[in-house]
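S.K.: Any chance you can model this:
(chains A and B)
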Number of protein chains: 2
Amino acid sequence: MIPRDQCLEKAFHPRAVAIVGVSRNDVDSTPDYTGLKILRLLQGAGFEGQLYPINPSAATIAGVKAYPTVIAVPERLDLVIVAVPAAAVPQVLEDCAIAGALNVHICSAGFSETGEVEGAKIEKRVRDIALRGDFQVVGPNCLGYHVPSAHLNMYMNVPLAQGPVAFVSQSGGHAQTFVTHGPALGIGFSKVISYGNALMMDSTDFLEYLATDSETSIICLYIEGVKDGGRLIRLVREIGPSKPVIVWKGGLTSSGARAAVTHTSSLSGDKRIWEAFFKQTGAIGVDSIEEMADVTMTFLRLKPLLRANVAVLVGGGGNSVANADMCAREGVAVPALANETRMRLMKLLSLVNQSIVNPIDSPRVLYDPSLLRQVLDTVAADPLIDVIILHISTIFRRRASAETVAGFKKCIADFGKQDSSSKPVVVAMRAAETSGGEAEVLIREMREANITTYYSLRSACRALKLFAGYHAFMAQNRAGQPSAPQALTGRP
Amino acid sequence: MIPRDQCLEKAFHPRAVAIVGVSRNDVDSTPDYTGLKILRLLQGAGFEGQLYPINPSAATIAGVKAYPTVIAVPERLDLVIVAVPAAAVPQVLEDCAIAGALNVHICSAGFSETGEVEGAKIEKRVRDIALRGDFQVVGPNCLGYHVPSAHLNMYMNVPLAQGPVAFVSQSGGHAQTFVTHGPALGIGFSKVISYGNALMMDSTDFLEYLATDSETSIICLYIEGVKDGGRLIRLVREIGPSKPVIVWKGGLTSSGARAAVTHTSSLSGDKRIWEAFFKQTGAIGVDSIEEMADVTMTFLRLKPLLRANVAVLVGGGGNSVANADMCAREGVAVPALANETRMRLMKLLSLVNQSIVNPIDSPRVLYDPSLLRQVLDTVAADPLIDVIILHISTIFRRRASAETVAGFKKCIADFGKQDSSSKPVVVAMRAAETSGGEAEVLIREMREANITTYYSLRSACRALKLFAGYHAFMAQNRAGQPSAPQALTGRP
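M.R.: Numbering: from 1, shown residues only, chains lettered A, B, ... in the order given. Below you'll find the predicted structure:
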């Protein structure tokens, strides 16, 4: 049998791909994936390998020669994408075994996740055949492998953004959302793996591959259940120090766990066990795609931080209060600035309508780039402060001239270009949720100017806290003895 | 002495307004408010009363005849807006007393909030003069009165949106944010009052006025501190049953409380006392402008609900899990649908890739308006469900044809037009934070189609929970005996 990692290497960079269940025309106008849609996606993405649509009777489909079965294909298949109804899947797998295919992606749903006897029976048959075959199976009920560098595109209407981030997701929908929206945050992907019901390969199998994948330096996971909890713990502990592992665990509430059963037939596991998992492994726990994206962006852009005490620069006294409350609620310290810092700021800023304790309430600083630079230098020199957050709103954009906005961007960009001891300056947006689209324009402008920009102060706080928490965990573990891992099954 | 409410009536609908401290040209390019900026704001808003710029030497400013002092103005002033430096304010107040002005708005900052001896001394002098004068003072350190129906506009670059919502805010910045962004959510304003340091009039004074104000049916408050906690409790208890009172209390964390001292010189008070306040009065507690806006929108659009059990209609199994987790974390129940409901849904929807327990995972429902209508009717008939949330993403907008989107909107609008027993259907956006602006467009389209639309499932959950919590509190209090109020000062 070919080792799994070698098989997967062929799945991620295939030369020959068959798609089973490609009709001549799409009979379906719903958003469901069909064989024909997948074929067109690969064609549209400029996939350079051979494509083999499988259809019992068609000669060509979408300009490509079709074959009645995978057995009829004249070369060894690196990847077979199966998009036929569940009941027809066993026969396709029998054919794959005969054809000597290396990887099978079962896209189809309708197995154990339906909760019906019939679905579970088919799943068992599929498993029996797969265990006899010399190939690796991903799925069923998933979107399989998406590899921008290989032009292997599985998602409709997304940019093919290449980068160092891998996403292993038990949900194809979440994978779709991440690949759709990640690029706006500067996130590009090495491999995006949607693995669904995990019939043969589970998250841990992919994690093992990604541990040594040179294309990947950050690993994101969305998991509902895991089969071998001990293996997950061991892998995350091994990988964590060199590649941060960001984990969104779905189904931690009882309502969510109920939904997970009907989604991927997963047993979610006790919430306390997962809390122990995060504590033991240094995995970075998030609870939404948005948070996963924010944290990933932070890892891509910021130098390591062991602590995330923030200084917040805001416009308005009410915002100072709101920001201090928000940071405190999210567990991020907003320490009063050192006396020396305050004295220097006193010289730079006039007193009226401005506070310099932290948050620093000085609206006009945003409108005066040379003053802003002096304030950033002064605050960055404060040993109590690790990160400076500029909290801006669309009001800034409405009031500031184009020249002022350009000066603001340049000031932050220049500040970031300082020597390696400089502290990060990030932007967080205010009241973006109610801005009717204006905030989005400003966020985009900031990101295009290469400024680390968060959607809100809350998201900035959460991401920075998780980011610094990871680095502190790893530093501590390098220094001391790691604690013995506990099992993910059974009570802690 | 003229009763306060009569004075305030003149402040909100003034015929004669003086602005003290109007220079011929703005020397300042910062966003700070100046007398000249305020004059131009009122002119730009089409204010129809008389405007009197006060300047020691100018004959006319911005086309309007100027006067050297308020004493020289030939008619009784309903409102004097003071925009001179703090040190010059006492003399202006002496003049106002002589001129017999009815209301004074001290816009200027530089008083006790500076933490400096000089500021506190000036504030004491101002108070002494005000106590002798027969006028009402709002401020200092605030933006005073903003009344769209009177074309009295105090905020730059905002639409003058008239409506039944009053906002009493200790922060001018928060007031600015709310009036800037509220209209996109369908929020219009009766009175927006920024009262700053509360030298003479506090939130409670304005609350008393708004209690009987026929223009106002929903009252929002942002407060950092309050002078007479007992009066606040009494007022909110009295007003609450007829007009919901939505309260954002700033400075509930120690960092926030520290910022509140430097902002409005307010003592924030013990967190537990404020928790008791919310529990006793039925005031609706929020913790950001965004949440205030979401809750206000809910009150403007939804019929009363005593409970907010939700059914969530989503696309994708992963989203089902995420949504159930999100609702549960926010304390909103997502009950399993009744057996009868499930059986009916089984007939409407095929099984594969769809779950009908709740959340209902059936992507194609969104793309088929007549099916959507049947599903809505079926779910709304379930006695366990109070609100139906359609959780959609920009993927819907990318995939659906214009015709499908139009059908979707019409279906929801038609459903809302049913008899009074119908249940509300709202839309919540998915992953808007990472959509790079696309979600905003979709949100705007939905709101323009008169659909209640939230920025995220989290914001929908929080708003619906607070909304139903208010109605349940009021129903319970009508039924039983209200508990005795406790003081807001001292420990509970």
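
S.K.: tell me the mean pLDDT over stretch A:76-87?
M.R.: Stretch A:76-87 carries an average pLDDT of 96.

S.K.: Okay, now the unreliable bits of the stretch 301-450 of chain A?
M.R.: A:351-354, A:419-421 (pLDDT under 70).

S.K.: one more time with 80, if that's ok
M.R.: Counting by pLDDT under 80, the stretch 301-450 of chain A shows low-confidence ranges at A:315, A:350-356, A:417-421, A:436.

S.K.: Helix, strand or coil: sort out residue A:328 for me.
M.R.: Following DSSP: H, G, I helix; E, B strand; the rest coil, we place residue A:328 in the helix state.

S.K.: What residues does it make contact with?
M.R.: A:334, B:253-256 (Cβ atoms under 8 Å, 6 or more residues apart in numbering or on different chains). C-beta: built from backbone N, CA, C; applies to glycine.

S.K.: Tell me which stretches of the stretch 201-350 of chain A form helices.
M.R.: A:203-211, A:229-239, A:254-264, A:271-281, A:289-301, A:317-329, A:339-348 (DSSP state H, counting those that start in this stretch).

S.K.: Deepest-packed of those helices, please.
M.R.: Scoring those by mean neighbour count under mean count of other Cβ atoms under 10 Å in any protein chain shown gives helix A:317-329 as the most buried, with a mean of 28.

S.K.: Quick one: the contacts of residue A:328 as CSV, columns for distance to residue A:316 too.
M.R.: Listed next are those as CSV, based on distance: Cβ to Cβ, whole Å:
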residue, distance to residue A:316
A:334, 16
B:253, 18
B:254, 20
B:255, 16
B:256, 14
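
S.K.: Closest one to residue A:274 out of the residues you listed, please.
M.R.: Distance to residue A:274, by Cβ to Cβ, is smallest for residue B:253 among the contacts of residue A:328, at 28.0 Å.

S.K.: how long is stretch A:446-456 from one end to the other?
M.R.: Chord length of stretch A:446-456, first to last residue, is 13 Å (Cα to Cα, to the nearest Å).

S.K.: Is that stretch positioned near chain B?
M.R.: Yes. For stretch A:446-456, a contact with chain B is found by Cβ under 8 Å from any Cβ of the partner chain, at A:455-456.

S.K.: mind listing what's buried in that stretch?
M.R.: For stretch A:446-456, burial by neighbour count (16 or more other Cβ atoms under 10 Å in any protein chain shown) applies to A:446-447, A:449, A:451-456.

S.K.: Close to chain B: what parts of the stretch 51-200 of chain A are there?
M.R.: Residues of the stretch 51-200 of chain A found near chain B, taking Cβ under 8 Å from any Cβ as the criterion, are A:85-86, A:109-110, A:113-114, A:116, A:141, A:156-157, A:169-174, A:176-177, A:180-182, A:184-185.

S.K.: so how far is residue B:136 from residue A:343?
M.R.: In this view, residue A:343 and residue B:136 are 40 Å apart by Cβ to Cβ, to the nearest Å.

S.K.: swap in residue A:318?
M.R.: 23 Å.

S.K.: which one among the contacts of residue A:328 gets closest to residue B:434?
M.R.: residue A:334 (25.9 Å).

S.K.: so how many other residues sit close to that closest one?
M.R.: 29 (other Cβ atoms under 10 Å in any protein chain shown).

S.K.: need the contact list for the nearest residue to residue A:285 once chain neighbours are set aside.
M.R.: Counting by Cβ to Cβ, 6 or more residues apart in numbering or on different chains, residue A:285 lies nearest to residue A:278, which is 4.5 Å off, once chain neighbours are set aside. Listed by Cβ under 8 Å, 6+ apart, the contact set of residue A:278 reads A:247, A:284-285.

S.K.: Serialize those to CSV and add fields for distance to residue B:48 and neighbour count.
M.R.: Shown next, in CSV, are those (distance: Cβ to Cβ, whole Å; neighbours: other Cβ atoms under 10 Å in any protein chain shown):
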residue, distance to residue B:48, neighbour count
A:247, 61, 22
A:284, 59, 28
A:285, 58, 19
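
S.K.: Can you tell me which of those residues lies closest to chain B?
M.R.: residue A:285 (12.6 Å; Cβ to the nearest Cβ).

S.K.: Quickly run through the sheet partners of the strand ranked longest in chain A, with directions.
M.R.: Longest strand in chain A by number of residues (criterion: DSSP state E): strand A:162-169. The pairing partners recorded for strand A:162-169 under DSSP bridges are strand A:189-194 (parallel), strand A:218-223 (parallel).

S.K.: Run through who's touching that strand.
M.R.: Under Cβ under 8 Å, 6+ apart, the answer for strand A:162-169 is A:148-149, A:175, A:178-179, A:182, A:187-195, A:203, A:206-207, A:210, A:213, A:215-223, A:296, A:300, B:318.

S.K.: Whichever of those residues count as buried, I'd like them selected in PyMOL; how would that read?
M.R.: Paste this into PyMOL to select the buried members of those, with burial taken from 16+ other Cβ under 10 Å:
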select buried, (chain A and resi 148+175+178+179+182+187+188+189+190+191+192+193+194+195+203+206+207+210+213+215+216+217+218+219+220+221+222+223+296+300) or (chain B and resi 318)
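
S.K.: so how far is the host helix or strand of residue A:129 off the chain centroid?
M.R.: Per DSSP states H and E, residue A:129 falls inside helix A:117-132. Distance of helix A:117-132 from the chain centroid (Cα atoms, centre = their mean, to the nearest Å) equals 31 Å.

S.K.: List the buried residues in that helix.
M.R.: A:119, A:122-123, A:126-127, A:129-130.

S.K.: What parts of the stretch 201-350 of chain A come near chain B?
M.R.: A:222, A:224, A:250-256, A:258-260, A:262-264, A:287-290, A:293, A:315-329, A:333-334, A:336.
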